[in-house]
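Trainee: fold the following and give me the result.
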Amino acid sequence: MGRDLLHKNVERTSVTKASPESERNPDKRVAGYFSQVLGFHQDEDGHWVVELSCGHTQHLRHQPPWQSRSWVLDPEQRQQRIGQAFTCGWCAQGADSATLGN
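Mentor: Sure, this is the predicted structure:
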């Protein structure tokens, strides 16, 4: 008749994606939607923007509690990120850098 409310629902755990280090191609490009950080610049409003090897850019705002990226405010910490893998949201959506207008 009715559903047993004491019956526990067994759900599968989500599968986490492996770290970018395990997904490198032989030619040293990062597989999937990962790109490499080439540098940073500030936009006209003073917000930091990351420049990626795929040709895309992405704002990196530090606006707690919504966006907590205090590292982007520190020049030394930004410098340490250059050359590291970065997940590109534009590539994940299949966007072509030529159509974005950076």
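Trainee: just list the residues touching Arg69, thanks.
Mentor: The contact partners of Arg69, by C-beta atoms under 8 Å, 6 or more residues apart in numbering, come to 60-62. To be clear about C-beta, it is placed using only N, CA and C from the backbone, and glycine gets the same treatment.
Trainee: any idea how far His62 is from it?
Mentor: 5 Å (C-beta to C-beta, to the nearest Å).
Trainee: show me the strands in the chain, by range?
Mentor: 34-42, 48-52, 57-59, 85-87 (DSSP state E).
Trainee: count of neighbours near the residue nearest to His41 when sequence neighbours are not counted?
Mentor: Distances taken as C-beta to C-beta, 6 or more residues apart in numbering place Val49 nearest to His41, at 5.5 Å, with adjacent residues excluded. Applying other C-beta atoms under 10 Å, we find 17 residues neighbouring Val49.
Trainee: tell me the contacts of Val49?
Mentor: Here Val49 is in contact with 40-43, 57-60 (C-beta under 8 Å, 6+ apart).
Trainee: Arg78 now?
Mentor: So Arg78 contacts 40, 48, 71-72 (C-beta under 8 Å, 6+ apart).
Trainee: recalculate using a threshold of 7 Å.
Mentor: Arg78 makes contacts with 40, 72, as judged by C-beta atoms under 7 Å, 6 or more residues apart in numbering.
Trainee: ok, now Val50?
Mentor: 37, 40, 57-58, 60, 86.
Trainee: in stretch 38-49, what's buried?
Mentor: Applying a neighbour-count criterion of 16 or more other C-beta atoms under 10 Å, one finds 40, 48-49 buried in stretch 38-49.
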